[in-house]
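would you be able to build a 3D model of this:
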Amino acid sequence: MNRPASETTGDSNASVEDHYDSPALRLGPVLFDDHLHWGYWDKDSQDATFGQAAERMCQEMISRTSIAEGAHFVDLGCGIGHPAMRLAQSKNCRVTGVTISGFQQSTAQAKAEEAGLTDRLTFLHSDARKVAAPDASFDGGWFFESIFHMGHADALKEAARLLKPGSELLLTDLPVLDHTTPEFMEFVDEHVHSVFVPAAAYDTLLPEAGFEMLQYEDITENVMPMLVDRLDETLKRNEDAVRSAMGEEADKAMDNWLYLFEYMSENLGYSFIRARRL
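Residues are numbered from 1 along each chain as shown. You can find the predicted model right below:
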């Protein structure tokens, strides 16, 4: 692939929205206990299910997040809103979530209403690179397994516009490795509408967008070794739900999920990145 590493996928708005509105991706929260991201395992939680590990990853994110009680946080690429809800409850802050998916936005808003949290949670159906909010609207923010759908440079530039000077931004990202192949990059571009970058790219991406790096934490060993086995267990345990949602496409969908997760775990790492808006 010849395009710059920070460049977004071409028609990412429509492609990513269609991706997350598809029947297969709507199954994600069913499989992963309302989460739509990967899990965190350590030596004491090797037997944790995918859903339990996804909740642990959410808590790891929250523990690294600096946001004061009553302050306003932005979740850029919020999915169906479960991490945003957990954050609002844990930190007693306000959270605005942004998702390109209409299905995710309506689902997240309904969950906030059901939980009685509409005073603290708002969800927007919007491109996270063009949020309808004034400059310096938020006291903190994160990209939780989402920035690789948006194009890193564009997404970070918009985050810098939205955040107040001195506030913190937290990201999870999946950096390419020394052995990551061009064939893999082409595959994920086409099938999951994502562009991944090496960890070293943040040395340039962050300052160019108006951030300084505070911490880079490689947690690949807490994610990738368990990923495929736990997904396989989850699919088997929820096979009836998959077949109900996917019909004749169920076997193909399950095979595709396993193939994708195996391919990604072989070619990508996993990291937490914490930065400050200058």
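
confidence score at the residue nearest to Pro175 when sequence neighbours are not counted?
Computed as C-beta to C-beta, 6 or more residues apart in numbering, the closest residue to Pro175 that is not its neighbour in sequence is Ala199, at 4.2 Å. Using the backbone N, CA and C atoms, a C-beta is placed for each residue, glycine as well. As predicted, Ala199 sits at a pLDDT of 97.

for Glu145, which non-adjacent residue is spatially closest?
Among residues not flanking Glu145 along the chain, His37 sits closest, at 4.3 Å (C-beta to C-beta, 6+ apart).

where's that neighbour relative to Gly247, distance?
26 Å (C-beta to C-beta, to the nearest Å).

helix or strand right after the biggest strand by length in the chain?
The longest strand of the chain (DSSP state E) is strand 163-173. Proceeding N to C from strand 163-173, the next assigned helix or strand is helix 182-191, under DSSP states H and E.

can you pull the buried residues of that following helix?
For helix 182-191, burial by neighbour count (16 or more other C-beta atoms under 10 Å) applies to Phe184, Met185, Phe187, Val188, Asp189.

with stretch 61-74 instead?
Residues Met61, Ile62, Arg64, Thr65, Ile67, Ala71, His72, Phe73, Val74 are the ones in stretch 61-74 that count as buried (16+ other C-beta under 10 Å).

for the residue of the chain positioned farthest from its centre, which three-state class applies?
Centroid-distance maximum for the chain: Glu248 at 29.1 Å, with C-alpha atoms, centre = their mean. When classified by DSSP: H, G, I helix; E, B strand; the rest coil, Glu248 comes out as helix.

distance of it from Val242?
Between Glu248 and Val242 the computed distance is 12 Å (C-beta to C-beta).

so between His37 and Gly247, which is more surrounded?
Each of His37 and Gly247 has its neighbours counted (other C-beta atoms under 10 Å); His37 has more, 19 against 10.

report the contact partners of that one.
Neighbouring residues of His37 by C-beta atoms under 8 Å, 6 or more residues apart in numbering: Ala54, Met57, Cys58, Gly79, Pro83, Phe144, Glu145, Thr172.

could I get these in CSV, plus columns for distance to Asp218 and pLDDT?
As requested, the contacts of His37 are exported to CSV (distance: C-beta to C-beta, whole Å; pLDDT from 0 to 100):
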residue, distance to Asp218, pLDDT
Ala54, 19, 94
Met57, 15, 96
Cys58, 19, 96
Gly79, 24, 91
Pro83, 21, 96
Phe144, 17, 97
Glu145, 16, 96
Thr172, 12, 98
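
looking at those, which are in helices?
Members of the contacts of His37 lying in helices (criterion: DSSP state H): Ala54, Met57, Cys58, Pro83.

touching, the third one and His82? I think so.
Yes - at 7.2 Å, Cys58 and His82 qualify as touching, with contact defined as C-beta atoms under 8 Å.

could you confirm Ala48 falls within a strand?
No - looking at Ala48 with three-state DSSP, it is coil, so not inside a strand.

ok, which stretches of this structure are helices?
For the chain, helices defined by DSSP H occupy the ranges 12-21, 23-26, 28-31, 50-63, 82-91, 102-114, 152-162, 182-191, 202-209, 224-237, 239-246, 250-267.

what stretches of this structure score poorly on pLDDT?
1-15, 17-25 (pLDDT under 70).

coming back round to it: okay, the longest strand of the chain in CSV with CA atoms only?
Extracted C-alpha coordinates of strand 163-173, given in CSV (Å, rounded to 0.1, in the frame of the first residue of the first chain):
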residue,chain,number,x,y,z
LEU,A,163,-10.5,19.3,24.1
LYS,A,164,-9.6,22.1,26.4
PRO,A,165,-5.9,22.9,26.7
GLY,A,166,-4.4,20.8,29.5
SER,A,167,-7.0,18.1,29.3
GLU,A,168,-6.0,14.5,28.6
LEU,A,169,-6.8,12.1,25.7
LEU,A,170,-6.6,8.3,26.1
LEU,A,171,-6.4,5.9,23.2
THR,A,172,-6.3,2.2,22.6
ASP,A,173,-4.6,1.4,19.3
